[in-house]
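# Okay, predicted coordinates and the sequence, questions at the end:
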Amino acid sequence: MHSPLEQFIVSVLYPLQLFGFDVSFTNAALYKLVAVAIITMLMVLGLAGGRMVPGRWQMLTETLYTSISSMVDTAAGPRARAFFPLIFSIFTFILVGNLVGILPNTFTFTSHIIVTFGLAAIVFLTVTITGFAKHGLHFFHLFAPKGAPVALLPLLFVLELFSFCIRPFSLSIRLFANMLAGHILMKVFAGMMVMLIGSMGVYGAVVGVLPTILNICMIGFEFFVALLQAYIFALLSSLYLRDAIEMH
């Protein structure tokens, strides 16, 4: 059985050097482009026509739009509407990347920490820049809870600042770890099913029914995790934006 970690290897599809830097086109880059192409196609098909009675593509697009719009309004507040395109783009990019990675012989770029950290860093920089742009140095009050004893303020300030600074790490690791673990489990269970069926000879088809059902359930659960992790990433990003905008 092949190692379950082989599916995460970044391989070069087209080697390229630019000004002494390796900018080779890899399978990770390919599937990021695939995700962008799928999202673009979905938006184009969903917005084409704009019929009163929506078709399946328009309904899917409108459902995505209204769901994320409602989530941003609830989690980040009405004053965060300007950031809706950012949250919507991040959500759809992660969601499509997660779902495409479940298909056989594909690559899950959200299972790599460098990708998830890059997305989390965009959110972190947006939150920080927005906070200082709206509140100036008053933004530091975010790290000093109201009503806290004066003697504890230095300690609370350090703890709150540390908690704020590790947000991109916790945000990225949560997504990366869940996608990595889920795909490893699917690979391991699939390999065990093949080995079990092969070792049982003529009875393999009968014995393999239960493992096959289990694998189907695992794939279904992974679809749920793919959606859930994209939503959690978008939800936490919205909550962080609320801190920067409203100083809660």
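Noted; the coordinates are in hand. These numbers come from a predicted model, not from an experiment. Numbers count the residues shown, from 1 in each chain.

# what's the following helix or strand after the least confident helix or strand in the chain by mean pLDDT?
Lowest by mean pLDDT, DSSP states H and E among the helices and strands of the chain is helix 204-207, with a mean of 61. Tracing the chain C-terminally past helix 204-207 and defining elements by DSSP states H and E, one meets helix 209-246 next.

# name the helices or strands packed onto that following helix?
Secondary-structure packing of helix 209-246 (3 or more C-beta pairs under 8 Å, 6 or more residues apart in numbering; DSSP states H and E): helix 56-75, helix 84-102, helix 113-135, helix 167-199. (Each C-beta comes from the backbone N, C-alpha and C, glycine too.)

# In a markdown table: these, plus mean neighbour count and distance to residue 13.
Output for these, formatted as a markdown table (neighbours: other C-beta atoms under 10 Å; distance: least, C-beta to C-beta, whole Å):
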| stretch | mean neighbour count | distance to residue 13 |
| --- | --- | --- |
| helix 56-75 | 15 | 30 |
| helix 84-102 | 21 | 16 |
| helix 113-135 | 17 | 17 |
| helix 167-199 | 17 | 20 |
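
# Out of the ones you listed, name the one with the poorest average pLDDT.
Per-stretch mean pLDDT for the helices and strands packed on helix 209-246 is lowest at helix 167-199 (a mean of 82).

# What helices and strands are in contact with that one?
Counting by 3+ C-beta pairs under 8 Å, 6+ apart, helix 167-199 packs on helix 84-102, helix 113-135, helix 204-207, helix 209-246.

# what's the angle between it and helix 209-246?
170 degrees (axes from the mean of the first three to the mean of the last three C-alpha atoms, to 10 degrees).

# and residue 139, what pLDDT?
Reported pLDDT at residue 139 in the predicted model: 85.

# and if you look at residue 203?
Note on residue 203: pLDDT of 60.

# Likewise for residue 52?
pLDDT, read off for residue 52, is 64.

# Residue 22 pairs with what?
Listed beta-bridge partners, residue 22: residue 17 (assigned using DSSP bridges).
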